[in-house]
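Asker: coords below, sequence missing:
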DNA sequence: CGGAGTCGAGAAAACGATTCCTCGGAACAG
DNA sequence: CTGTTCCGAGGAATCGTTTTCTCGACTCCG
């Protein structure tokens, strides 16, 4: 094995191809673009030269000229949240189908960081932006500014003040499915462990829960609000254990919360689902691998990703079309934690 | 709320700034770049004009001119593997510190896809490429070609035939730490559940295990090789259960394998760690959240990410420097699965 | 007072593509 | 045979920067 990396080779440009084929730059470009108005013989020569030289167009130069980078930017509150991972993966897959790529940014749950990353992506001239906003209030200005410049889709969460396209799932239906499922199983007293309603998603799930489960079945002390993290799941479990009496069931706002909560409950000797049944949200790989596996609300994330990209492409065509909200129906996946 | 997205606004260029400030384009550019050779009064006017107009340089045009995109490409075999997620997150964080960004690609465990994505990134003119190669053999040609064009760092796994910089961790030390730990706990008969040695990582871990544990303590039927997936973990567990007698302990090649394996063992009534102790690799959030939490080998992934970026930057300066392999020492994190 | 040296700003040439515009030649009609 | 029309290929402009030249003015020294 050689012990030094190979040195860089000079890039071959369309100029070289044109020279090799004995045609003008313009003709070479047209031939490579597959335009019909070029003499087939010349096309042959250009293609030949291109192949011989191993030509590949410089994406930057092309983008500068055509004002199109074939790149989509995506900003998520935290890369390590399994739900966002699934979203990232789905978007990446959709983009790969059309040879586009994904510029990924992590906002680290901080609206200031988020604003900086959005701004960066805008000036990188991405063709569109998919954003899961960190917070309802704080994310508004940067989103607003971005939407002036290019197509933006809000994903999963919605900042009301900023009129962009949106893709999400129906949290009311999802939470109702959870509660109905639990009630059919015989649960009456149900707790809710979710996140503070600083995001539309958290707020909707909370509201939906309150609409289904009155204070007689869920006293306020069982309405536990923190954030989308494992730490919070643990903490919430402890606070439930300290209070007197346990609920028949718990609805969690996310798998990452539920997994930690279940672990904590079980290590305190509580059986799941016998003593307390658990349902959760996201249907992540995480939740499917625990013991017992989690009953969880599944969002059609691949479809949602595809729709997000579709909306971006669409708005590119008609920048001033009315904003569109695509809301997908979720489905409850029943597993061991309620069985 | 208005019901239509805001229309795009015309971009303001350095030309506009120059005009507004009453100077030439060249001077405006220099002033904005903070070059000392510009009259302070002119600098003031340019900065003022720039702020007034809300100017931000077009990253594409700058990149085309300077041949530097401030973007790093990263290709991983599968976005959803928790180890790669941690790597992606760490790299993104390091890049964010210097206002650079990450073009992320998923090779879907397929060397052909991988080759396509690498090629794409090269022609996007990323400043460097961090690749976790899909396979030792199949990934070579694309990597080789990429390394001709720009700085490449192989991460975690190494393709021997391609001389690029490398960042990884010491698998021999890691596996030995696992085995030593288990033996101190009193385990004698130890099984290994890992991946087929199609990647350097899997091969090294397997070899290290064999070097520590002879055939008398681990008969060949306890050397189970599949892939880095939960499905394989489950399958391996079943195959162990079907054979006669269980080992005292199992070393797993990755958390994602271990988690599924533990779930399967426990649902067959095997107690962990009492009957069988488990150690694993990656120290992912996944493994920390299960019951019992996994004892696992932790790699200093943040340091490794920083080193990878540092190597890319370094090679940019000196393209023909000798290739460098940075191998980090892992550490065993002891948790419930061996306690 | 004149010539060498300095310094700073503007003009112009990259970077590497796409695409508009022009123009020569062929075809065809009158 | 001449005048349009059409068509296809090449020249040049463009995208928005950075950076190299170039050149005029000013300083300083002999």
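Answerer: Great, that's in hand. Given the structure is predicted, the values throughout are model-derived calculations rather than measurements.
Asker: Surely residue A:294 touches residue A:335?
Answerer: Yes: using CB atoms under 8 Å, residue A:294 makes contact with residue A:335 at a distance of 5.8 Å. The way it works is simple: take the backbone N, C-alpha and C, and place the C-beta from them, glycine included.
Asker: Give me the common contacts of those two.
Answerer: Common neighbours of residue A:294 and residue A:335, using CB atoms under 8 Å, 6 or more residues apart in numbering or on different chains, are A:287, A:288.
Asker: between these two, who's got more neighbours?
Answerer: Neighbour comparison, residue A:294 and residue A:335: the larger count goes to residue A:294, with 28 against 20 (by other CB atoms under 10 Å in any protein chain shown).
Asker: For the stretch 201-339 of chain A, which residues score under the pLDDT cut-off?
Answerer: Nowhere does the stretch 201-339 of chain A drop to pLDDT under 70.
Asker: One more pass at 90, please.
Answerer: Within the stretch 201-339 of chain A, the stretches falling below the threshold (pLDDT under 90) are A:243-244, A:267, A:285-292, A:317-321, A:339.
Asker: can you tell me the distance between the two ends of stretch A:222-239?
Answerer: Taking CA to CA, to the nearest Å, stretch A:222-239 runs 9 Å from one end to the other.
Asker: Flag every buried residue along that stretch.
Answerer: A:222-230, A:232-237 (16 or more other CB atoms under 10 Å in any protein chain shown).
Asker: Show me those residues that map onto helices.
Answerer: The helices, defined by DSSP state H, take in A:230, A:232, A:233, A:234, A:235, A:236, A:237 from the buried residues of stretch A:222-239.
Asker: Looking at chain A, what residue ends up closest to DNA strand D?
Answerer: With CB to the nearest atom of the strand, the shortest gap between chain A and DNA strand D falls at residue A:39, namely 2.7 Å.
Asker: That residue: how many residues sit nearby?
Answerer: Using other CB under 10 Å, residue A:39 has 11 other residues around it.
Asker: The one 10 residues further on now?
Answerer: Residue neighbour count, defined by other CB under 10 Å, stands at 22 for residue A:49.
Asker: and it, how far is that from DNA strand C?
Answerer: Here residue A:49 is placed at a distance of 12 Å from DNA strand C (CB to the nearest atom of the strand, to the nearest Å).
Asker: cool, and residue A:89?
Answerer: For residue A:89, the distance to DNA strand C equals 30 Å [CB to the nearest atom of the strand].
Asker: Just to be sure, that residue is in a strand?
Answerer: No: read with DSSP: H, G, I helix; E, B strand; the rest coil, residue A:89 is helix and lies in no strand.
Asker: Retrieve the pLDDT associated with the residue nearest to it when sequence neighbours are not counted.
Answerer: Using CB to CB, 6 or more residues apart in numbering or on different chains and skipping residues adjacent in sequence, the residue nearest residue A:89 is residue B:79, 4.4 Å away. Taken from the predicted model, the pLDDT recorded for residue B:79 is 93.
Asker: Backbone dihedrals for residue B:79, please?
Answerer: In terms of degrees, to the nearest 10, the main-chain angles of residue B:79 are phi -60, psi -30.
Asker: ok so, going back, could you export the ones in helices among the buried residues of stretch A:222-239 as a markdown table, including distance to DNA strand D?
Answerer: A markdown table is the format used below for those (distance: CB to the nearest atom of the strand, whole Å):
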| residue | distance to DNA strand D |
| --- | --- |
| A:230 | 44 |
| A:232 | 44 |
| A:233 | 47 |
| A:234 | 49 |
| A:235 | 49 |
| A:236 | 49 |
| A:237 | 53 |
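Asker: give me the subset of those touching chain B.
Answerer: Taking CB under 8 Å from any CB of the partner chain as the test, chain B is in contact with residue A:230 out of these.
Asker: So for residue A:38, what's the pLDDT?
Answerer: For residue A:38, the predicted pLDDT is 89.
Asker: I'd say it and residue A:29 touch.
Answerer: No: contact criterion CB under 8 Å: residue A:38 and residue A:29 do not qualify, at 9.8 Å.
Asker: burial count for residue A:26?
Answerer: The burial metric for residue A:26, expressed as a neighbour count using other CB under 10 Å, is 11.
Asker: quick one, phi psi at residue A:281?
Answerer: Reported as degrees, to the nearest 10, the phi and psi values for residue A:281 are phi -130, psi 140.
Asker: Going by proximity to DNA strand C, name the top residue of chain A.
Answerer: DNA strand C sits closest to residue A:13 of chain A, with a gap of 2.7 Å, by CB to the nearest atom of the strand.
Asker: Right, I'll call it a day here.
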